[in-house]
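Student: quick check, what structure comes out for this input:
(2 chains)
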Amino acid sequence: MIKEKHLLGLEGYPAENIETIIETAFGFREVLERPIKKVPSLQGKTIVNLFYEDSTRTRISFELAQKRLSADTINFSASSSSVKKGESFKDTVQNLEAMKIDAIVMRHPYPGAALHLTKFVDAVVINAGDGTHEHPTQAILDMMSLKEHFGRIKGLKIGIIGDILHSRVALSNIHGLTSLGAEVTLCGPATLIPKDIENLGVNVSYNIDEVMDWADAINVLRIQMERMGVGLFPSTREYRNLFGITHERLEQHDKKLVIMHPGPMNRGVEIDSNVADSSQAIILDQVLNGVASRMAILYLLLGGKQEAV
Amino acid sequence: MKINKLSKNVFLKDGTIYDPVKQNSIKGNILIANGKINRIGAIKAPRGAEIIDCSGLIITHGFCDIHAHFREPGREDKETLQTGAKAALAGGFTRVCVMPNTNPPLDDPESIRFIVEKAEETPIYIHPIGAITKGQQGKEITEMGAMKSEGAVAFSDDGIPLQNAYVMRLALEYAGMINIPIINHAEDMSLRNNGVMNESEVSTRLGLSGNPDIAESAMIQRDLQIAQSTNSTLHIPHVSTQKSVEEIEKYKSIFPKVTAEVTPHHLFFNDEALITYDTNLKVAPPIRTENDRQALISALSDGTIDCIATDHAPHTIEEKEAPFDLAPFGMIGLESCFGAVNKILVQESGMKIEALIDLLTVKPRKIMGFKQDLFAEGTLAEITIIDPKASWTFSKDNIYSRSINSPFIGQELFGKIKYTIVKGFVAEI
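Tutor: Numbers count the residues shown, from 1 in each chain, chains lettered A, B, ... in the order given. Predicted structure coming up:
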């Protein structure tokens, strides 16, 4: 049903594929609500989770999705492997492939790494985040969560708030949302909005209150503390004043604005604790939908049988 | 490629002979006797002469590249003077200036002499460019006087832009005194920041850090001001942006001691080509937008930019196989140069081929103060013979460099070098 072998990013990725994945994910979401949360769909398939960068939720989410589908899972982290002995990327992945694996889920600190990987292996490649480029499975789970809440994506008004420049989540969401017909406005400090991003079919605003008035939902990005101290924004206090989703700010908007966050959150910086924990937030739904979406992606790309759900 | 010693008499027969100094083309023959230009025109071949059939071909001056990296000493795994010379012959280049960012750098008279002596063993003329500052540290200027005496033809800290404006002023004043050009790799490193490609919509889409066009033009503007106020000769390498072209144009009308070059790759590619994260397209300054590319083409046509130089920069496969962020900057360019620039400038942009040949021969020689009148009787033959109409696909087989980091592999090129004659050798490509 999905012709594209890999899932490297959502730029240029067919909208039908995203829709198929989300539909299938709702089926798996039901499986996750059952007492026995496991199906045999990918029995006998071997998947390597290749993590060159630390991750908690993405990695656990993928691993859980694989286990729920009865696939065999190998976890690899660069910090405890031959990579530490200086083994090159090419050698590492070609050795993995020589052991006969079906798919590689990779997180890597450098943009383009997922595409790079496809040059060295025949296995299906799923990008779990390549530097500041894309994080397509996160965007798909975000869109699934929007679909769950609103019943549609087309025509929705979505604000993406924060450090757009360094965010693979933002870029994948922009491509996915615009391709499914949502309207997107980016909002963050001018120093964290990348050049010519408007050309991707989005609006840019520096006024968080206007964006909150306009939007049906906002996706609040994590402010990466490691970016502090290089002058990209002056202080967390200043950030919170200008762009923080504070309790007070939320109160001023009487409609029911939906709040999303890809995690991990800096409570009290980009989002107030009581906003994150409020009934308007669907942050934990996103987490559950993450497992369901990744089950759908693995299932569809690894050629599981449709009726197995 | 076959490289042979020239026979006693070599007769280049029935070619179109273009003389970039006299600016004229004639149909005719050239006799090379004992390695020197003997006669040109409607002459007959002496008995026993080796005849090279040049019908349909253009015979002109040997090309001169004023910007290449031959990596010797220090990175002989990437290139040596010998392998670089072969790459030059394959590209029609008889004379090449090599940059001093070797290991150790060419920053004293002894290292200049090393290159000059080693270059004698190669089949082309190689001229070292000396470092502007000791160790290319950007702090203290080198012994330029003695280095010039040993054979340095210009000074540059290429690859490492001279950030300190005061040192740049001292360098220009000093080099001006001994009448030799300063070449500054123009990028403001604070504006370039950690940019690995041009800052544009494309870098945004790829998630790669952008290097803005103003990183170059702001530095060029600074250098132009200092050169003018010190009345010294400044050559600007690998111009890549429209804004830089505008700055150069502004100064050239009021201060003539400024020259500039552009590379084949900045003329051939735009940043959309990086969409595959091809590390062979990772160069400094970066491949820019289509607007910039068009501005560079116009600047060559109207004389704002003076010549073409390859910035031939060999790197190993292992280094270039790294993720884009980690791969080194640079591509090789000697072998693919003519086919690439002839396609862009002559075939696609309507430049006369004679004007293009000027950009590869007389104009770069003038910048470096080399002898220009190569068709004068008695001159040691430095000749390139071109098939101007050949359509061909550049491949690894066309590479003679020790490295193969070329994004031109697989590209359709137009115009091909057939023979390169220099230093008593004839290379048949």
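Student: what parts of chain A come near chain B?
Tutor: For chain A, the residues in contact with chain B (CB under 8 Å from any CB of the partner chain) are A:11, A:88-90, A:108, A:110-113, A:115-116, A:130-134, A:168, A:171, A:194-197, A:199-200. Placement of C-beta: from N, CA and C, glycine included.
Student: and B:G130, what are its bridge partners?
Tutor: Following DSSP bridges, B:G130 is listed with bridge partners B:F155.
Student: residues near it, how many?
Tutor: Residues lying near B:G130 (other CB atoms under 10 Å in any protein chain shown) number 30.
Student: wait, isn't it in contact with B:D157?
Tutor: No: B:G130 lies out of contact with B:D157 (CB atoms under 8 Å); the separation is 9.8 Å.
Student: now for the two: what residues contact both?
Tutor: Common neighbours of B:G130 and B:D157 are listed as B:P100 (criterion: CB atoms under 8 Å, 6 or more residues apart in numbering or on different chains).
Student: can you give me the strands in the stretch 151-300 of chain B?
Tutor: For the stretch 151-300 of chain B, applying DSSP state E, counting those that start in this stretch gives strands covering B:155-156, B:182-183, B:197-198, B:210-211, B:234-236, B:258-262.
Student: so what strands line up beside the fourth one?
Tutor: To tie it back to what came earlier, the one meant is strand B:210-211. When DSSP bridges is applied, strand B:210-211 pairs with strand B:197-198 (parallel).
Student: how far does the partner strand sit from the chain's center?
Tutor: Strand B:197-198 sits 21 Å away from the centroid of its parent chain (CA atoms, centre = their mean, to the nearest Å).
Student: who touches that strand?
Tutor: Contacts for strand B:197-198 (CB under 8 Å, 6+ apart): B:203, B:206, B:208-213, B:271, B:274, B:282, B:286-289, B:292, B:324.
Student: cutoff 7 Å now
Tutor: By CB atoms under 7 Å, 6 or more residues apart in numbering or on different chains, the residues outside strand B:197-198 that reach it are B:203, B:208, B:210-211, B:271, B:274, B:282, B:286-289.
Student: in chain A, which residue is most central in space?
Tutor: Centroid-nearest residue in chain A: A:Q138, 1.4 Å away (criterion: CA atoms, centre = their mean).
Student: ok, that one touching A:S172?
Tutor: Yes: A:Q138 lies in contact with A:S172 (CB atoms under 7 Å); the separation is 6.3 Å.
Student: quick one: common contacting residues for those two?
Tutor: Among the neighbours of A:Q138, none is also in contact with A:S172 (CB under 7 Å, 6+ apart).
Student: excluding its backbone neighbours, what's nearest A:L300?
Tutor: A:I2 (5.0 Å; CB to CB, 6 or more residues apart in numbering or on different chains).
Student: so how far is chain B from that neighbour?
Tutor: Distance of A:I2 to chain B, computed by CB to the nearest CB, to the nearest Å: 22 Å.
Student: what about that residue, neighbour count?
Tutor: Other residues within reach of A:I2, judged by other CB under 10 Å, total 17.
Student: any idea which of the strands of the stretch 151-300 of chain B gets closest to A:Q280?
Tutor: Comparing these by their distance to A:Q280 (CB to CB), the top pick is strand B:210-211, with 35.8 Å.
Student: where does the chain have low pLDDT?
Tutor: You didn't pick a chain, so chain A it is. By pLDDT under 70, the weakly predicted segments of chain A are A:226-229, A:254, A:304-309.
Student: show me what stretch B:287-298 is in contact with.
Tutor: Stretch B:287-298 is contacted by residues B:198, B:200, B:213, B:239-242, B:245, B:262, B:265-267, B:269-271, B:273-274, B:281, B:305, B:344-345, B:349 when judged by CB under 7 Å, 6+ apart.
Student: buried ones among those?
Tutor: Neighbour counting by 16 or more other CB atoms under 10 Å in any protein chain shown classes B:198, B:200, B:213, B:239-242, B:245, B:262, B:265-267, B:269-271, B:274, B:281, B:305, B:344-345 among these as buried.
Student: ignoring the adjacent residues along the chain, who's closest to the residue in the stretch 1-150 of chain B that chain A sits nearest to?
Tutor: Proximity to chain A, evaluated over the stretch 1-150 of chain B using CB to the nearest CB, is greatest for B:D77 at 16.4 Å. Using CB to CB, 6+ apart and skipping residues adjacent in sequence, the residue nearest B:D77 is B:T316, 6.1 Å away.
Student: if we can go back for a sec, is it possible to get CSV of the strands of the stretch 151-300 of chain B that adds mean pLDDT?
Tutor: Shown next, in CSV, are the strands of the stretch 151-300 of chain B (pLDDT from 0 to 100):
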stretch, mean pLDDT
strand B:155-156, 98
strand B:182-183, 98
strand B:197-198, 98
strand B:210-211, 98
strand B:234-236, 98
strand B:258-262, 98
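Student: what's around the closest residue to chain A within chain B, how many residues?
Tutor: Scanning chain B for proximity to chain A using CB to the nearest CB identifies B:G207 as nearest, at 3.1 Å. By other CB under 10 Å, 27 other residues sit near B:G207.
Student: against A:Y206, how distant is it?
Tutor: Between B:G207 and A:Y206 the computed distance is 22 Å (CB to CB, to the nearest Å).
Student: same check on A:M99?
Tutor: Using CB to CB, A:M99 is found at 51 Å from A:Y206.
Student: what's the answer for B:I66, then?
Tutor: In this view, B:I66 and A:Y206 are 47 Å apart by CB to CB.
Student: A:E183 is in contact with A:G159, correct?
Tutor: No: between A:G159 and A:E183 there is no contact under CB under 7 Å: 9.7 Å.
Student: spatially nearest residue to the residue in the stretch 51-200 of chain A that chain B sits nearest to (excluding sequence neighbours)?
Tutor: Of all residues in the stretch 51-200 of chain A, the one sitting closest to chain B is A:H133 (3.1 Å; CB to the nearest CB). Leaving aside its chain neighbours, A:H133 sits nearest to B:G207 (3.1 Å; criterion: CB to CB, 6+ apart).
Student: gap between the closest residue to B:N280 other than its chain neighbours and A:A78?
Tutor: Among residues not flanking B:N280 along the chain, B:P407 sits closest, at 4.1 Å (CB to CB, 6+ apart). Going from B:P407 to A:A78 by CB to CB gives 29 Å.
Student: those two: which has the busier surroundings?
Tutor: Just comparing B:P407 and A:A78: by other CB under 10 Å the higher neighbour count belongs to B:P407, 24 against 19.
Student: could you pull out the helices for chain A?
Tutor: Secondary structure of chain A (DSSP state H): helices at A:15-33, A:57-68, A:89-98, A:113-118, A:136-150, A:168-179, A:208-214, A:236-243, A:247-251, A:273-276, A:283-301.
Student: nope, the stretch 151-300 of chain B is what I meant
Tutor: With DSSP state H, counting those that start in this stretch applied, the stretch 151-300 of chain B shows helices at B:165-177, B:189-192, B:201-206, B:214-230, B:242-252, B:264-268, B:290-301, listed in chain order.
Student: what's the neighbour count on residue 208?
Tutor: Picked chain A for this. With neighbours defined by other CB under 10 Å, the count for A:I208 comes to 21.
Student: wait, I meant chain B there
Tutor: B:L208: 27 surrounding residues under other CB under 10 Å.
Student: thought it was touching B:F324?
Tutor: Yes: distance between B:L208 and B:F324: 6.3 Å, which falls inside the contact criterion (CB under 7 Å).
Student: where do the contact lists of these two overlap?
Tutor: Between them, B:L208 and B:F324 share the contacting residues A:111, B:196, judged by CB under 7 Å, 6+ apart.
Student: per-residue confidence at B:D188?
Tutor: pLDDT, B:D188: 97.
Student: contacting residues for it?
Tutor: So B:D188 contacts B:215, B:218-219 (CB under 7 Å, 6+ apart).
Student: can you pull the contacts of the closest residue to A:L180 other than its chain neighbours?
Tutor: Leaving aside its sequence neighbours, A:L180 sits nearest to A:I153 (CB to CB, 6+ apart; 4.4 Å). If you count contacts by CB under 7 Å, 6+ apart, A:I153 has them with A:143, A:146-147, A:177, A:180-182.
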